[in-house]
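**Q** build the 3D model from these lines:
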Amino acid sequence: MREVQLYWSRTTLEATPMGKLLQFVDHAQFLGYSERGNDHIDILAKVVFKDGLSPDDITLTGDFMEVVEVLTAPQSTWSKEWVLQFRFNAEASDLVEVHTRARSASITPESTLDQGGLNYIIRGPPQSVGMVVAALRMSLKPDRFSALSVEPNRVLENRLVSPQQLRVVKSAWEAGWYENPRSLKMADLAREIGLSRSTVSEHLHGVETEMVKLLLNAVGEHVDDEAMQETYPLDFMWANIHPDDYPVVRKITDDSIRNKEPNSIVFRVRKLNGKEYRLVRTTSSPFYENGDYVKMHGTVEDLSGHQDAAEVMKLSMKIANNQQNTTEFQNYGVWNWDINEDIFEWSDSLCEITGVVVGEFDPADVGFYNLLEPSFVDKVRAKKDESLRTLESFELEFNIIRPDNGETRIIRAIGSVATDNQGNAVRLMGLASDVTGLTEAERTYQDTLMGDQNKLAGELGSYVVDAIERTMKLSPEAKRILGN
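**A** Alright, predicted model coming up:
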């Protein structure tokens, strides 16, 4: 899972509907979703209005937002908090539409809107979060951002702890605070460092909290996995496979057992609560005793993040086409490949970025690869093939030679694979930009959006099929993927 925090100041928000809401609201905190539809999102929020105002006073032009229901109102003269259900309409806001597309990426309850601006925290699979952030950035560039699911050696770089906190914890370590048994009291440590007891305690607690978060993110499902597994009847699990996919899954599994070979299958499976289907990919290997098949060990991957990323990419392409004259770090070009029809499309802005003539350039395979510096051709082909095979979103940098002036430019492309209901790739699409002149800060920003390419896969869970007992054990992650 990845968590990204974005911040827009009130000045940045002024021209937006969210900024106009601050005329009425002093402070609002997101509590949770009430409904996520295809064209709207209903949320619950705790709201403090400006003095003398109430939900009835909110007047915003257009259909951006409406108060659906007042759940609780202030119960006394000293209480100012309301709990309201808001409806935000996707048609009126790119920010809202992004979240109707990316169902696996969610706003967290730490998100707030106040007179300083909007603090917006998104959590979910890396593919979805990366695409959501890219889309939001094109819609309205944030003033600050941070990625919270980072490696320990990037703690300071990503401001998980401050230099002052690091100084305090380093002093505490050197003074013996973390020895067992502890040789000094908090008052002694505070005197040695030269700060108050409350300040030292607050700094130590802050650092320890962030380190625990990093540790738990790192170990994931490996914490006492065997003790936490749950067992289900194998026939029940087979019955949950979508009827249209069942024959294929059955055949591939039987062939794998007969040929003693591993297998990988993409299919739809009904969630354990029996309400809806989810697209997953299983990878497994059969095991034998005395020549007889006895077990199947495997992993299950949630592909909903890939599907969400593709939906958000479509929206990003629309935003990019609508904002070709943006004064952002650089303009974006849009590209699209319909795999079934073998049709390639490039936007006019992408032609301008790459130095080709609009209407004359054919972006089909040969035309595109002819733009690349020869040393990058195999790298780009390999990334395309890998993306189509794994269905994962991707980000790639490569050099081109502009045919109009012979200049070498660095291009960064991000893309997603759209699939049909059976998980077959039907469209490869994305955005590209010239990053040759990016500053170090701008490049760091973009690097953080997609992160380590080895971590872009969807959430993985493990399972074990016992062919003798006819049961299937699921790890907690596998159970979460399949839905409980």
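
**Q** in the stretch 251-400 of the chain, where is pLDDT below threshold?
**A** 273-275, 304-331, 365 (pLDDT under 70).

**Q** domain-wise, how is the chain divided?
**A** What the record gives for the chain is the domain set 2-149, 161-222, 226-303+459-482, 305-455, from automatic domain parsing.

**Q** kindly reformat the ones you listed as a markdown table containing mean neighbour count.
**A** To be clear about C-beta, it is placed using only N, CA and C from the backbone, and glycine gets the same treatment. Putting the domains of the chain into a markdown table (neighbours: other C-beta atoms under 10 Å) gives the following:
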| stretch | mean neighbour count |
| --- | --- |
| domain 2-149 | 18 |
| domain 161-222 | 14 |
| domain 226-303+459-482 | 16 |
| domain 305-455 | 17 |
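
**Q** so what's the backbone phi/psi at Asp63?
**A** Per-residue torsions, Asp63: phi -110, psi 30 (degrees, to the nearest 10).

**Q** in the stretch 351-484 of the chain, which spans are strands?
**A** Taking DSSP state E, counting those that start in this stretch as the test, the strands found in the stretch 351-484 of the chain are 394-401, 408-419, 425-434, 460-466, 471-474.

**Q** looking at these, spot the one closest to Cys351.
**A** Cys351 sits nearest to strand 425-434 of all those, at 10.8 Å, using C-beta to C-beta.

**Q** which strands or helices does that closest one pack on?
**A** helix 304-322, strand 333-338, helix 348-354, helix 377-390, strand 408-419 (3 or more C-beta pairs under 8 Å, 6 or more residues apart in numbering; DSSP states H and E).

**Q** okay, angle between it and strand 408-419 too, please.
**A** 160 degrees (axes from the mean of the first three to the mean of the last three C-alpha atoms, to 10 degrees).

**Q** tell me the contacts of the nearest residue to Trp8 once chain neighbours are set aside?
**A** Once flanking residues are discounted, Trp8 sits nearest to Leu118: 4.7 Å by C-beta to C-beta, 6 or more residues apart in numbering. Neighbouring residues of Leu118 by C-beta atoms under 8 Å, 6 or more residues apart in numbering: 6-8, 13, 18, 111-112.

**Q** mind listing which of those are in strands?
**A** 6-8, 112 (DSSP state E).

**Q** got those as CSV, with pLDDT and distance to Ile481 columns?
**A** Output for those, formatted as CSV (pLDDT from 0 to 100; distance: C-beta to C-beta, whole Å):
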residue, pLDDT, distance to Ile481
Leu6, 87, 27
Tyr7, 89, 32
Trp8, 90, 33
Thr112, 92, 31
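
**Q** averaged pLDDT, stretch 89-108. What do you get?
**A** Averaged over stretch 89-108, pLDDT sits at 78.

**Q** could you tell me the end-to-end distance of that stretch?
**A** Terminal residues of stretch 89-108 are spaced 19 Å apart (C-alpha to C-alpha, to the nearest Å).

**Q** now do stretch 346-366
**A** Calculated as C-alpha to C-alpha, the first-to-last residue distance of stretch 346-366 is 14 Å.

**Q** how about Tyr288: what's its closest non-neighbour residue?
**A** Val294 (6.3 Å).

**Q** go ahead and confirm that neighbour touches Val464.
**A** No: counting by C-beta atoms under 8 Å, Val294 stays clear of Val464, with 10.7 Å between them.

**Q** poorly predicted segments of the stretch 51-200 of the chain, please.
**A** 61, 125-128, 130-131, 138, 147-161, 180-182.

**Q** now the helices: where do they sit in it?
**A** 94-101, 126-139, 163-175, 186-193, 197-219 (DSSP state H, counting those that start in this stretch).

**Q** and those as JSON lines, adding distance to Val280?
**A** Converted to JSON lines, those look like this (distance: least, C-beta to C-beta, whole Å):
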{"stretch": "helix 94-101", "distance to Val280": "20"}
{"stretch": "helix 126-139", "distance to Val280": "15"}
{"stretch": "helix 163-175", "distance to Val280": "41"}
{"stretch": "helix 186-193", "distance to Val280": "50"}
{"stretch": "helix 197-219", "distance to Val280": "22"}
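
**Q** quick one, which of these is nearest to Phe287?
**A** helix 197-219 (25.8 Å).

**Q** tell me the average confidence for stretch 461-473?
**A** 90.

**Q** gap between the two ends of it?
**A** End residues of stretch 461-473 are separated by 11 Å (C-alpha to C-alpha).

**Q** cool, and stretch 236-256?
**A** Stretch 236-256: ends 21 Å apart by C-alpha to C-alpha.

**Q** over to stretch 335-348?
**A** Stretch 335-348 has an end-to-end distance of 10 Å (C-alpha to C-alpha).

**Q** so how far is it from its chain's centroid?
**A** 25 Å (C-alpha atoms, centre = their mean, to the nearest Å).

**Q** and what of stretch 289-297?
**A** Stretch 289-297 has its C-alpha centroid displaced from the chain centroid by 38 Å (C-alpha atoms, centre = their mean).

**Q** try stretch 466-476
**A** 31 Å.

**Q** contacts for that stretch next, please.
**A** By C-beta under 8 Å, 6+ apart, stretch 466-476 touches 221, 225, 228-235, 237, 293-296, 461-465, 482.

**Q** now go through those residues and say which are in strands.
**A** 230-233, 293-296, 461-465.

**Q** dump those residues into CSV; add distance to Ala92 as well.
**A** Output for the ones in strands among the contacts of stretch 466-476, formatted as CSV (distance: C-beta to C-beta, whole Å):
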residue, distance to Ala92
Glu230, 44
Thr231, 48
Tyr232, 44
Pro233, 48
Tyr293, 57
Val294, 58
Lys295, 54
Met296, 50
Gly461, 38
Ser462, 43
Tyr463, 44
Val464, 49
Val465, 49
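
**Q** what's the closest of these to Ser387?
**A** Gly461 (22.6 Å).

**Q** gap between the residue nearest to the closest one when sequence neighbours are not counted and Thr408?
**A** Excluding the flanking residues, the one nearest Gly461 by C-beta to C-beta, 6+ apart is Ala478, at 2.8 Å. Distance of Ala478 to Thr408, computed by C-beta to C-beta, to the nearest Å: 47 Å.
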